[in-house]
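In: Return a 3D structure for these sequence lines:
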Amino acid sequence: DPPHPELEDILGMKQTVCSRLRSDAQGQTLYLLSWLAYASAYIGRYNYSAVMGAITAESSLSLSAAGAVSTGYFICYAVGQIVFGLLSQSVSPYAMILIGLCGSGLCNLGAGALSTSFMGLLWGANGLFQAMIWPPIVRLFAESMPLMRQKRACVSINSTTPAGTLAAYALSAVLLQFADWHHVFFSCGGLLLGMAAVFWFGTAPLRRATTYAPQPTFQKQKGTGNGPAALLAAGLGAMLLPVLLHGGLKDGVTNWVPSMIQSNFGISPAFSAAAAMALPLVNLSGAYLSGWLNEHCTHNELKTAGFLFALASVCLLALPLAMRTSLLLAVLLLAVTTASMLGVNTMFINVIPVKAGRHGGASMLSGTLNAVTYLGAAAATWGIGAAAEGYGWNAVFLLWLVMAMLALLVSTLLAGRWGEYLKSSEGGIS
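Out: Numbering: from 1, shown residues only. Down below sits the predicted model:
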């Protein structure tokens, strides 16, 4: 039978591979500007969550409508991760990041200027534009980042999550104190547009030093350039299950912590929100712990993920008792759980795509895995609320424990096969 055509051939696109930057200084510049771009994207994403209470308080949106806006964002972001993950392998990754930052900035300005009846449309578009930022960053880290800096960059980039989240809430809190929620969107929109200019002018020397070549045919034959197809061909398709479950645990736990603490301990909404704000600070340790474990102990991303799922399982097993006895212990267990999931996220979304796509396909693979992660987050955010309302918080704790243990089992079973895949596709490079 004749060989099936590649997807990019059907769409009229040809995948390319970036040349690798030569100096450590160039790698440091690429990392810094990528960090700033992605952290600013978080500010233009979580500002809506920060002002949602103010919007619903003045009856501009009902609670259900405000929740639908967030759901729309997650769906558009997940779909965009797949679409732009594929597209970013065929166009300039620098240009795609620029378009994503500018588009997100304009959506934020529109959210502040237009009626809230347009909020769902604008925030869905914001999800699509923000989905244009992460896949090209992964491609640049995989193909252009100097190898001496690559491992450290893949781990450290996850510090954008707590930094951007805290910045979004802090900036929103200050502006809400002295102005209104419209000014939050204006300020974040201006920040994103300013960051787009900084990124574009700052990367000018890097763009001049980068050349693009067609992806080698032998890479496609070996599967390293096909994103998810490479995992399926290597018998690693079941990896999508722990990716999905970790998304549900990472964002599902975080989103419901304030309500859970308030319900179980009877504390004020302000205090419960303050306790939840401590989680991003602790979460950063998970990214660095996973990097240290992977480099010095396990030498295998799925073994590292399995260890972190096991750590989260222990915490979730003890959580029901802590919820009856100690607020401090409960918050600590929840913090370790979410930190572990950020470490797992580092392996699944950062390190695995970069290792599997050093010669092409990293952006498509990372985009797909990130999309699965956010689908898990969207399902869990809804499912946790339904479980808590229908069966109580103990049912939620049991659900989280089952999710973590199932992900642990699958990650452990696939660890050996992942190691074999790396050896065969990368000649043993790790």
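
In: Let me know the next secondary structure element after the helix or strand containing Q28.
Out: Using DSSP states H and E, Q28 falls within helix 24-57. Using DSSP H and E, the next helix or strand after helix 24-57 towards the C-terminus is helix 63-87.

In: mind listing what's buried in that next one?
Out: 66-67, 69-70, 72-87 (16 or more other C-beta atoms under 10 Å). Every C-beta, even on glycine, is put in place using the N, C-alpha and C of the backbone.

In: Equivalent analysis for stretch 200-208, please.
Out: 200, 202-203, 206.

In: Tell me which of those fall in helices.
Out: Using DSSP state H, the members of the buried residues of stretch 200-208 that fall in helices are 200, 202, 206.

In: can you tell me which of those residues lies nearest to G190?
Out: W200 (16.0 Å; C-beta to C-beta).

In: What pLDDT does the model give the spatially most central residue of the chain?
Out: In the chain, the C-alpha nearest the mean C-alpha coordinate belongs to N370, at 6.0 Å (C-alpha atoms, centre = their mean). Note on N370: pLDDT of 84.

In: correct me, but V351 touches L293?
Out: No: the pair V351 / L293 is not scored as a contact, 11.4 Å apart, by C-beta atoms under 8 Å.

In: for the closest residue in space to A65 that isn't next to it in sequence, phi and psi?
Out: Distances taken as C-beta to C-beta, 6 or more residues apart in numbering place G120 nearest to A65, at 7.7 Å, with adjacent residues excluded. Dihedral pair for G120: phi -60, psi -40, per degrees, to the nearest 10.

In: List the contacts of G120.
Out: 65, 68-69, 72 (C-beta atoms under 8 Å, 6 or more residues apart in numbering).

In: S156 too?
Out: Contacts of S156 (C-beta under 8 Å, 6+ apart): 31, 35, 287-288.

In: Just give me how far the host helix or strand of it sits from the chain centre.
Out: Using DSSP H and E, S156 sits within helix 147-156. Here the centre of helix 147-156 is set off from its chain's centre by 17 Å, with C-alpha atoms, centre = their mean, to the nearest Å.

In: now that helix and helix 24-57, what's the angle there?
Out: 10 degrees (axes from the mean of the first three to the mean of the last three C-alpha atoms, to 10 degrees).

In: State the mean pLDDT of helix 147-156.
Out: 83.

In: next structured bit after that helix?
Out: Scanning forward in sequence from helix 147-156 by DSSP H and E, the next helix or strand is helix 160-178.

In: Buried residues of that following helix, list them for me.
Out: For helix 160-178, using 16+ other C-beta under 10 Å, the buried residues are 160-169, 171-172, 175-176.

In: farthest-separated two in these?
Out: Every pair of these checked by C-beta to C-beta; the farthest is T160 and L176, at 23.4 Å.

In: which residue ranges form the strands in this protein?
Out: Remark: strands assigned in the chain by DSSP state E are 16-18, 212-214.

In: what sits against the nearest residue to S159 once chain neighbours are set aside?
Out: Distance criterion C-beta to C-beta, 6+ apart; nearest residue to S159, sequence neighbours excluded, is L284 at 5.5 Å. Listed by C-beta under 8 Å, 6+ apart, the contact set of L284 reads 158-159, 161-162, 339, 342.

In: cool, and L332?
Out: Per C-beta under 8 Å, 6+ apart, neighbours of L332: A322.

In: Flag the shaky bits of the stretch 151-300 of the chain, pLDDT-wise.
Out: 215-231, 233-234, 255, 258-259, 262, 267-277 (pLDDT under 70).

In: one more time with 90, if that's ok
Out: Along the stretch 151-300 of the chain, the parts satisfying pLDDT under 90 run over 151-181, 209-239, 248, 250-296, 298-300.

In: V51 and L308: what is the separation?
Out: 33 Å (C-beta to C-beta, to the nearest Å).
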